[in-house]
Each structure stands twice: as structure tokens, then as C-alpha cells.
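Peer 1: give me a 3D structure for the following:
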Amino acid sequence: MASFVRMGEERSTTVAPMPALQQDWAQRLPESIERGAEHLLSLQAADGYWQGELEADSTLESDYIYYLFVLGKADAVRISKLANYVRSKQLADGGWNIYPGGPSELNATCKAYFALKLAGDDPNSPQLTAARGMIHRLGGLEHTNSYVRFYLALVGAVGWELVPAIPPELMLLPNWFFINIYEMSSWTRGIVIPMAILSAIRPDWRLPEHARIDELFKNPARRAAAFDWSEKLVSWKNFFLALDRVFKVYEKFPWKPFRQRALRQAKHWVLAHIERTAGLAAIYPAMMNSIFALMAMGLGPDDPLTRREIQEFSRFEIEELDTIRLQPCVSPVWDSCIAMVALEEAGVAPDHPALVKAAEWILSKQILGPGDWQVKNRDAEPGGWAFEFRNDHYPDVDDTAFVLMALQRVKIPDEKRMEAAIRRGIQWLLSMQNRDGGWGAFDRDNSRRYICNIPFADHNAMIDPSTADVTARVLECLGRFGWPAQHPAVQGAVKFLLQDQCEDGSWFGRWGVNYVYGTSGVLRSLETVSLTAQNYCQRAVEWLKSVQKADGSFGESLRSYHLESSKGQGNSTASQTAWGLIGLLAAAGPGDLASSKAAEYLVTQQNEDGSWDEEDFTGTGFPCVFYLKYHLYRNSFPVYALARFHNQSRQAEEFCACKFRPEEFRLRSGF
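Peer 2: Below is the predicted model:
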């Protein structure tokens, strides 16, 4: 058994009296926390990290079938297992959705249909007949997003005229120009730059004739419906549609004076960015596109560089008896820092071997080399952390803030190493603050919304502006390290959060589902700088209480991204109930009935082994487009929330390895 006694802690024996009906679960609370912590400890990898499965929708498996055919490695067993998984996700109405419980979605259904045809399914089978009918009801292939049509054009299934122009000449635009690659979000750069190479080279990768999907057009005469002009004549959409037409005419010219130079720069960018990573941007679409781009540049699947990227990509596979499913990326740093914070709150001693080993692993992952973030942040030194095992070009703000909070409560032998790493991390965080006072995920001041109208920007994540949840994470981190409410960086963050708050008191969750996640995170952050007594926090608490269910739980469906009227509504989940409890504790305290009911729900729903069950997705990739299920959320966040409830009830002290004087750090340039 782990030691759950904090170093130097004097246990408080004074517990607020509870009604008789609450005493049973309250008496079980310490045991529940300990069992949850023991379960988390049992999931730690030998090297010290935690890594839960990161689950997404069936589009990954559909794309992977396509990818294996392009690669020339479509062996029957792997294709069959992938196809089995895709078939298992088909809905009764014939379509495929992008989150459990969601409606059939056009792009996912088109991808599944095409993948199953590639796998050999008969288009006249009941399964594909139903899928085809649903595709037509949803608008037909002509209304799919640009990436679907791009991949189809790449293998000759549709013409290139149906694909937005992605000219490699984008690489030649200077960074000060109103459109350039660094005004796109980091993940978009990783996806689009290899696509620009492929768009220019247009390799001949034609698949078998039986794989064509002309039958998916609802109205063949309107194949180019995606390029219809906006009714508003003068608009950014029409400007970029006109530009798209110009580039398509340019593409037909035999003489393109800047093409070879642009291609060289694009190739150089890709080659440079697959170094110091576990694959380009360490995410599924960028890695797949980079493999295709390497092949188009003449580096076949057996070339050492391409083979290395293929091997990294294959690590996303999870093979079982008769299926293969794919992860969109892996999340060891993220999973580890959340698990560490949960265990620390649960009372695991700060010098416990599991925490020390985790901290040493985390410290080894700090990124001390250059990255894309420096394009707009030239005067800052590196010091952040990435989400994955290795993604050195793309440390992110959210991970870095959470990592710093996890490290703060661990006691490791090499204290100087720890302090130096934390100092670098905090300084990097401060340097990444945007002009509006908030923080985005990967870049600074990446907020030019007009580029979201570019025709290939229909993945709803073209930019990386400040968001409430990431800003809250940094604010929480700064508050825990000693930053007061009067500090300029904190004041800027609070100003942004107030501007971003919804009328009903809630906050939108960009990276977690959704308003429960956003609101909880903001309240927790404002607690660390002693602002939760403010009216705007009390409004947020009242909103949380208004969506809490009678049994004390919280649940919010992904529908809330599509339909604001459904915010705060959905199936009860362990992770969202934990988030709700964390928010309530921050501004209402453990003595509030709503807090007690949420804690009671988590205690009574815990499994005997210390885990919790959760079927729904509560993570977000791109709102309205791509969603995630973090398999460790259901265990880490409830442990943290219950332990926090217990500690606040007893006014327990906590170990803190270090705090700093804010004046020791520089603010970002331009503030």
C-alpha cells in the first residue's frame, strides 16, 4: 500500500458535521480516495509515466484502410480487422457518427463507405446501400469537407477541380503578410504543408476502378457545390473563393515561376519538422500526410526516412482479436501530469517512489530546443512540455502549466534541477501570453479569424486564439506559484476571462466537454488568486448548480458544441462530475450541499477496484468536427476532486516544493 501521509502535515480531526443520510458515503470517502489512488498507481508504466488510450471516431480506421492501400501494404488480415471495426460503428440509420450517441455525420459516413468499398464490400450490400442513402440525405459527397475530397482526388476517385487549391507558394509569403503559414494554427501547418506538396506533384496513385464513389454525389450536376459564393458579395469567404479560382487557373499554366522554389521550401519544412519528433507534429493527419509527401518526393515506403515515419505512425494501432483501431495521437505527458496532481491531492507522500519516478520522467521531457512558437515569440527561451513522448517543435501551454503544478508538489533528490526546470517553464508560459491577456495552446497571437474563410479551413481549427480553459490553466499555475491578483499577467488573464464569460455565467470549453469543463477550470484558477468571492464567480457557481442533476452528478453531451441550448445537458459521467465538483469547491466550498451531492455521487459510483466507468467522450479535438475520449479522465479527475473535497473539509495542509517571487520573471515583450 502507498503512504498517503503528506510530509510535515498535521492531520486536522475537525470535520464539519453532516446530516445522517450523508454519513455513510462520508465515512467511505477516505477509503474511496485511497482505492482510487491505488488504482491509478497500478496503471503507472515502468518508466514512470501514465498513458491511457486516446479514442476517437471511425474516421481514423477508414483513413487507415485508404492509407494502407496507397502505401501498397494492404494485406488482407489487417484490412479485414480494420473493416470489422468500421462496420461495428455503423448506426441503425446507415450512417456513422463522430461521437457516441451523436447523429450520422456526412464526412464520417463517406469515409466509411469508401473504406469498406476498398476493403471489398459489395456496394449493393444492405450495409452500403443504407450508408449511400444516408449520404444522400445528408447532402451528398459534394458537401463533404475539403480534406475528404482531397484524399479522394489523390487516388483519382474525384477530380482535382473539387479540391481547394493549396499552392506550395504559400511557403514564400513573408511572416508579416496578412496570410502566411504562421498565421495558421500549428496543427494546421502540419496537416496542410504536406498537402501543398501533394497538391503540386499530384502523384499517380490510382486505386482499383471498383473503388470509385461517383454514386455518392446527390446531384452530379452540382459537384462543386462547396465552392458556391456567399450571398454577401463583399466577404472574406468570397475573397478567398475568388483567390481559389485564380490559383486553379495558375495551376493549369505550364510555366510557374515560383513553383520549384516553393516546393523546395515546403520539402525543407517537412524534413526539418520530422526531426526531433515521433512523427510530423506527432498527430495522425499530419503524420499520414507527411508519409504521402515523402513518397511523392521519391522516397518510397522502404526508404529509411519514410520507413521510420511509417513505424512511428503504426504505434497508433491497437490490435485485438478481430479488430484494429487507431489513436489520433498518444498522451503520456498529459496523462502523467494529471495523474500526478490527483495522487498528490490524494495524500501520496511527495517523496513516494512513484511520484519521484514520474517527476524524473517528466523532467526528461522538457523541451529545450527551438520550435515554431518562436516565430512570434523571438525573445523567449524554450522551456515548455509537449503532449506526446516527443514533439519538440510543438510544446503546448496547457501541458506545460499542468506539468509545473504536478512538479510543485514532488520532493526529488535533485532539488536544483527541479527548480531550474520549473523556472524555465514558468518563464516560457509568461512569454506565451497573448495581447488580449489570454493564452492559446501552441502559438502566441494566432488569432486572425479571417483566414478561417480559406476553402481548406473547414476543419474548424484554422487558428489558435486565446481560450478560457487554457488561460485558466495558466492562471491556476501562476496562482499556485505565488502570483497575486494584482500582477499584470494575472490582471490581463482575468480581463480576458471576463470578456469571454457567457451571459449565464458559464465559460466555453475548447479542449474539454464543454461548459462544465470551461467553467470548472476558470473557477479553480480564480480560487488560486483569491477572486472567487467576486460576482462573476458566483454567477458561474449558480450556473453549475443549475445544470447539476438531482443525484449530484454532471453530464454534458457533445451536442452542446452544435446546439448551445443543450449546454450542461447529457449523460452523467465521472470526469464531468469531478469537474463540476472542482468548480463548486473553488467558489462554494465543501460545506455547500451541491458539493456534497457531487462527492456522494462519485463515491457511490466507484467500482470495487477503485476505478470509475465512463462511456461518453469528454475530450475535444476540433469543436463540431473531431472529439476524443481520454480513457484516464474517468479515474484521475474523480480522485483529485474527492481528495480536494476531503482536504478542504479538514483544512489540510499541502506540501509545496517551491514558490517564487513574480518580480523574478520577465513579462512577455510588448506588454
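
Peer 1: in this structure, what helix or strand scores lowest on average pLDDT?
Peer 2: helix 20-42 (a mean of 87; mean pLDDT, DSSP states H and E).

Peer 1: okay, that helix in PDB with CA atoms only?
Peer 2: C-alpha atoms of helix 20-42 as PDB (Å, rounded to 0.1, in the frame of the first residue of the first chain):
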ATOM      1  CA  ALA A  20     -27.300  11.300   9.000                       C
ATOM      2  CA  LEU A  21     -28.100  10.400   5.400                       C
ATOM      3  CA  GLN A  22     -24.700  11.700   4.300                       C
ATOM      4  CA  GLN A  23     -22.700   9.900   6.900                       C
ATOM      5  CA  ASP A  24     -22.500   6.600   5.100                       C
ATOM      6  CA  TRP A  25     -20.800   7.900   2.000                       C
ATOM      7  CA  ALA A  26     -18.800  10.400   4.000                       C
ATOM      8  CA  GLN A  27     -17.400   7.600   6.100                       C
ATOM      9  CA  ARG A  28     -16.400   5.800   2.900                       C
ATOM     10  CA  LEU A  29     -14.800   8.900   1.400                       C
ATOM     11  CA  PRO A  30     -11.200   8.300   2.700                       C
ATOM     12  CA  GLU A  31     -11.300   4.700   1.600                       C
ATOM     13  CA  SER A  32     -12.700   5.700  -1.800                       C
ATOM     14  CA  ILE A  33      -9.800   8.200  -2.300                       C
ATOM     15  CA  GLU A  34      -7.300   5.600  -1.300                       C
ATOM     16  CA  ARG A  35      -8.700   2.900  -3.600                       C
ATOM     17  CA  GLY A  36      -8.800   5.400  -6.400                       C
ATOM     18  CA  ALA A  37      -5.200   6.400  -5.800                       C
ATOM     19  CA  GLU A  38      -4.100   2.800  -5.600                       C
ATOM     20  CA  HIS A  39      -5.800   2.100  -8.900                       C
ATOM     21  CA  LEU A  40      -4.000   5.000 -10.500                       C
ATOM     22  CA  LEU A  41      -0.700   3.800  -9.100                       C
ATOM     23  CA  SER A  42      -1.300   0.400 -10.600                       C
END
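
Peer 1: I'd like the next helix or strand past that helix.
Peer 2: strand 54-55 (DSSP states H and E).

Peer 1: pairing partners for that following strand, with directions?
Peer 2: strand 626-630 (antiparallel) (DSSP bridges).

Peer 1: contact partners of the least confident helix or strand of the chain?
Peer 2: 1-2, 4, 18, 50, 339, 342-343, 346-348, 354, 596, 599-600, 602-604, 606, 608-611, 635-636, 638-639, 642-643, 645-646 (Cβ atoms under 8 Å, 6 or more residues apart in numbering). C-beta here means a position set from N, CA and C on the backbone, and glycine is covered the same way.

Peer 1: try it again at 7 Å.
Peer 2: 2, 4, 18, 339, 342-343, 346, 348, 354, 596, 600, 603-604, 606, 609-611, 635-636, 638-639, 642-643, 646 (Cβ atoms under 7 Å, 6 or more residues apart in numbering).

Peer 1: for stretch 37-47, measure first residue to last.
Peer 2: End-to-end distance of stretch 37-47 (Cα to Cα, to the nearest Å): 18 Å.

Peer 1: quick check: buried residues in it?
Peer 2: 37-41, 43-44 (16 or more other Cβ atoms under 10 Å).

Peer 1: please identify which of these is nearest to residue 385.
Peer 2: Of all these, residue 385 sits closest to residue 44, with 18.1 Å by Cβ to Cβ.

Peer 1: got a list of what that closest one touches?
Peer 2: If you count contacts by Cβ under 7 Å, 6+ apart, then residue 44 has 50, 354 around it.

Peer 1: so how far is residue 364 from it?
Peer 2: 16 Å (Cβ to Cβ, to the nearest Å).

Peer 1: picking up where we left off before, just the buried ones from the contacts of helix 20-42?
Peer 2: Looks like these have 2, 4, 339, 342-343, 346, 348, 354, 596, 600, 603, 606, 610-611, 635-636, 638-639, 642-643, 646 buried, using 16+ other Cβ under 10 Å.

Peer 1: inside helices: which ones of these?
Peer 2: Mapping these onto helices (DSSP state H) picks out 339, 342-343, 354, 596, 600, 603, 635-636, 638-639, 642-643, 646.

Peer 1: closest to residue 161 out of the residues you listed?
Peer 2: Nearest member of those to residue 161, counting by Cβ to Cβ, is residue 636, at 48.5 Å.

Peer 1: and residue 216, how far is that from residue 144?
Peer 2: In terms of Cβ to Cβ, residue 216 sits 9 Å off from residue 144.

Peer 1: list residues touching both of those two?
Peer 2: residue 110.

Peer 1: give me the distance from the helix or strand where residue 199 lies to the chain's centre.
Peer 2: According to DSSP H and E, residue 199 maps onto helix 186-201. Computed by Cα atoms, centre = their mean, to the nearest Å, the separation of helix 186-201 from the middle of its chain amounts to 20 Å.

Peer 1: need the residues that contact the helix or strand just after it.
Peer 2: Using DSSP H and E, the helix or strand that follows helix 186-201 in sequence is helix 236-252. Contact with helix 236-252 is made by 164-165, 167, 227, 229-230, 256, 450, 453-455, as judged by Cβ under 7 Å, 6+ apart.

Peer 1: then helix 236-252 to PDB, C-alphas only?
Peer 2: Taking C-alpha atoms only, helix 236-252 is exported to PDB below (Å, rounded to 0.1, in the frame of the first residue of the first chain):
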ATOM      1  CA  TRP A 236     -13.800  37.200 -46.700                       C
ATOM      2  CA  LYS A 237     -15.400  33.900 -47.900                       C
ATOM      3  CA  ASN A 238     -15.900  35.300 -51.400                       C
ATOM      4  CA  PHE A 239     -12.400  36.900 -51.400                       C
ATOM      5  CA  PHE A 240     -10.800  33.500 -50.700                       C
ATOM      6  CA  LEU A 241     -13.100  31.700 -53.200                       C
ATOM      7  CA  ALA A 242     -12.000  34.200 -55.800                       C
ATOM      8  CA  LEU A 243      -8.400  33.600 -54.900                       C
ATOM      9  CA  ASP A 244      -9.000  29.800 -55.100                       C
ATOM     10  CA  ARG A 245     -10.200  30.200 -58.700                       C
ATOM     11  CA  VAL A 246      -7.100  32.300 -59.500                       C
ATOM     12  CA  PHE A 247      -4.800  29.600 -58.200                       C
ATOM     13  CA  LYS A 248      -6.700  26.900 -60.100                       C
ATOM     14  CA  VAL A 249      -6.100  28.800 -63.300                       C
ATOM     15  CA  TYR A 250      -2.500  29.300 -62.300                       C
ATOM     16  CA  GLU A 251      -2.200  25.500 -61.800                       C
ATOM     17  CA  LYS A 252      -3.000  24.900 -65.400                       C
END
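
Peer 1: in it, what's buried?
Peer 2: Quick answer for helix 236-252 (16+ other Cβ under 10 Å): 237, 240-241, 243-244, 247-248, 251.

Peer 1: in TSV: these, plus pLDDT and distance to residue 478.
Peer 2: Below are the buried residues of helix 236-252 laid out as TSV (pLDDT from 0 to 100; distance: Cβ to Cβ, whole Å):
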residue	pLDDT	distance to residue 478
237	90	39
240	91	38
241	92	43
243	93	42
244	91	43
247	92	45
248	92	49
251	91	49
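
Peer 1: which one of those is nearest to residue 524?
Peer 2: residue 237 (38.6 Å).
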